[in-house]
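Asks: no FASTA, just this:
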């Protein structure tokens, strides 16, 4: 019996040693790249997207920088083309070679879109003239439509349902859901050159007091009487790539992961001024690789408050 116990202990020890060795060998086979993205003034750029494209296989890995402008990714040893994009900045291209077990830190500086391209690594659109020309061919993309899909949790799965407006319920939740996605239908016109683009999304709120007067107004009336204000939590910090859009091609682009929960927490029942975000304006922007904005569009959605918010005197 003791012999069996000793055998078991020795086997477990050998197994643990083998697992540790295998993990160490696996770590040695891969490399780690840490990217730090800042602007020309030294401020960190949160939400920058970095694509690592293997020159050997074409395989791509993507990361998004968090605070303070840092992102980390594990890669196979190889030579990679690194393309970094961020809203409002020129895309930046670089090349790195990673060896097995290497830990590389990459410091990158993004230049503001439209500020010229003094760095040898920033990407210049070949179609963009370096000097003024009398005739310049323009690119043409159209955002044909925009749809909202609520993300509702079901048993062991998540269901997406199309909708046109939000309604607050008595318990403070929002119907059909606080989480939603945006789907845009993008079309390349016949004069478009086949190339890559990036789609960005931001959301603004129109905030006003909860009164019967605003309840009776339509979207146009409210929009013309109250100013819009940006809500940082609702900004989509990641660009959605649109690769190789061809002339005459129509493509559906999905922007996932918006959530009203944080934004609505700023408007509890009985807040000062009895304020409420009556409208959401969803803005989509398409840029080329040089950071030049090609087209933008906006869709407005109504967010109805629950009747408990109405002043009791009314």
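Replies: Looks like it came in fine. Predicted model, so just to flag it, every value in this text is computed and none were measured.

Asks: what's the domain layout of the protein?
Replies: As assigned by automatic domain parsing, the chain contains the domains 30-110, 141-309.

Asks: end-to-end on the shortest one?
Replies: Distances were taken as CA to CA, to the nearest Å; on that basis the terminal residues of domain 30-110 are 28 Å apart.

Asks: avg pLDDT for it?
Replies: Mean pLDDT, taken over the full extent of domain 30-110, equals 85.

Asks: The helix or strand hosting residue 240 - contacts with which helices or strands?
Replies: Using DSSP states H and E, the element containing residue 240 is strand 236-245. In terms of contacts (3 or more CB pairs under 8 Å, 6 or more residues apart in numbering; DSSP states H and E), strand 236-245 is packed against strand 49-54, strand 179-188, strand 195-209, strand 250-259. C-beta: built from backbone N, CA, C; applies to glycine.

Asks: can you list contacts of the second one?
Replies: Residues external to strand 179-188 that are found in contact with it (CB atoms under 8 Å, 6 or more residues apart in numbering): 140-151, 160, 163, 194, 199, 201, 242, 245-261, 282, 284, 286, 297.

Asks: Name the strands paired with the strand holding residue 240 and say parallel or antiparallel.
Replies: strand 195-209 (antiparallel) (DSSP bridges).

Asks: So which bits of the following helix or strand past the partner strand are buried?
Replies: Remark: after strand 195-209, the chain's next helix or strand is helix 212-216, criterion DSSP H and E. Neighbour counts over helix 212-216 (16 or more other CB atoms under 10 Å) mark residue 214 as buried.

Asks: Run through who's touching helix 212-216.
Replies: With contact meaning CB under 8 Å, 6+ apart, helix 212-216 is reached by 208, 222, 278, 310, 314.

Asks: And these, which two are furthest apart?
Replies: Spanning the widest gap among the contacts of helix 212-216 are 222 and 314, at 17.7 Å by CB to CB.

Asks: Show me the shaky parts of this structure.
Replies: Applying pLDDT under 70 to the chain flags the ranges 1-28, 113-139, 154-155, 228-238, 313-314.

Asks: Give me the subset of the contacts of helix 212-216 that lies in strands.
Replies: Per DSSP state E, strands hold the following members of the contacts of helix 212-216: 208, 278.

Asks: For the contacts of helix 212-216, which PyMOL command selects only the ones that are buried?
Replies: Here is the PyMOL selection string for the buried members of the contacts of helix 212-216, based on 16+ other CB under 10 Å:
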select buried, resi 208+222+278
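
Asks: Switch the contacts of helix 212-216 over to CSV; also include distance to residue 189.
Replies: As requested, the contacts of helix 212-216 are exported to CSV (distance: CB to CB, whole Å):
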residue, distance to residue 189
208, 38
222, 34
278, 35
310, 48
314, 51
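
Asks: Pick the one among the contacts of helix 212-216 closest to residue 95.
Replies: residue 278 (49.6 Å).

Asks: show me what contacts that closest one?
Replies: Contact analysis of residue 278 by CB under 8 Å, 6+ apart lists 206, 207, 208, 214, 222, 226, 302, 303, 305.
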